[in-house]
Each structure stands twice: as C-alpha cells, then as structure tokens.
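Visitor: Could you look at this predicted model? Sequence included:
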Amino acid sequence: MPTHYTGAATEVLALDTFIKLTRSVESFGGRLARRNTAGGLTPSQFGVLESVYHLGPMKQGEIGAKLLRSGGDITLVVDNLEKHGLVRRERGTEDRRVVVVSLTEAGQALIARLLPGHVAAIVEEMGALTAEEQETLGRLCRKLGKRES
C-alpha cells in the first residue's frame, strides 16, 4: 500500500519506502510469531537469551545497546526472565552499579532448544530473496540503520 501523501516527489518516495519497510518487518515478524519459533517469549526476551547464549555473560547496559532497547526496557525484560529462572544477575565486584546477566541452566537449555527452529524459520522466510538480494538488503539496512542525523 503506497502512501497517499501528495507532497514533493522526494517526500512521496521516502514515505512509500518507509511504509514498505515497516510493513515488511511487521509481516515477517508476524509470520515468525505464528510459527511460535520463540517458544512464547517476547522478541526482546528471545533477544536477551540469544545474545547471552552466543556472547556469554553481558552487562545489562551492553544488552540494551545490542538490542536497541532502553535501560528501563531491558531491566523489565531481565526481571521477567529472572522470575522464570532463565537468567541470573550479579553485581560487578569492582563497580556495584554494573549488573551482569548470565544464563541459568534452564535458560541455556531453552535457547539451545529454540534456536535451531527459529533459525530454520528465518532461513525459510528469507528464501523469498536470492542470496544476492539478501546481501543487498543487509547492506541497505545497515546503511540506513547507521545513518547519522
């Protein structure tokens, strides 16, 4: 669905592209959600578990930066994961303000079980694009995401 905005050609193009990008992300995410590849976890919860699984224990602030979430958002996500026994928090020994998040055995087991199906679903969804198109899309998304205002 293109924009109905009737401004300058550059504005219409930018808005139309933004709509397509947003709808694509929402549609892709919706299809993954219907497949329940995240095992009932929210995208943020899954992201925290996946990050710590691959990178090891991380400072809560580092996780927030990696997932592009605010400190408050990450605190709530980690609170909920901790309540379910999937992560644990430890205060830094040198700086008590630092909170390090690590996986519990249950968290490690859960993400190890979910990840292969999640990856397979993403690979299948991305199959709508050729390898070259995926590389191009990746480069364009990175360029757009890294743009300085």
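Guide: Looks like it arrived, so ask away. Residues are numbered from 1 along each chain as shown.
Visitor: Is Val100 bridged to anything, and to what?
Guide: Val100 forms beta bridges with Lys59, Glu90, as assigned by DSSP bridges.
Visitor: Read off the pLDDT value for it.
Guide: pLDDT, Val100: 94.
Visitor: count of neighbours near Ile111?
Guide: 23 (other C-beta atoms under 10 Å). In this view, the C-beta of every residue, glycine as well, is placed from N, C-alpha and C.
Visitor: Equivalent analysis for Ala14, please.
Guide: Look at Ala14: counted by other C-beta under 10 Å, it has 14 neighbours.
Visitor: ok, which stretches of the protein are strands?
Guide: Applying DSSP state E to the chain gives strands spanning 58-59, 87-91, 99-103.
Visitor: tell me the mean pLDDT over the first one?
Guide: Averaged over strand 58-59, pLDDT sits at 94.
Visitor: Run the chain-centre distance for it.
Guide: Taking C-alpha atoms, centre = their mean, to the nearest Å, one finds strand 58-59 lying 16 Å from the centre of the chain it belongs to.
Visitor: for stretch 132-140, same thing?
Guide: Centre-to-centre, stretch 132-140 and its host chain are 18 Å apart (C-alpha atoms, centre = their mean).
Visitor: where does Leu21 sit relative to Phe28, distance-wise?
Guide: 11 Å (C-beta to C-beta, to the nearest Å).
Visitor: Serialize the strands of the chain to TSV and add fields for distance to Val77 and mean neighbour count.
Guide: Formatted as TSV, those follow (distance: least, C-beta to C-beta, whole Å; neighbours: other C-beta atoms under 10 Å):
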stretch	distance to Val77	mean neighbour count
strand 58-59	13	16
strand 87-91	9	15
strand 99-103	10	19
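Visitor: Please tabulate the ones you listed in CSV, including the columns distance to Gly7.
Guide: Formatted as CSV, the strands of the chain follow (distance: least, C-beta to C-beta, whole Å):
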stretch, distance to Gly7
strand 58-59, 44
strand 87-91, 47
strand 99-103, 45
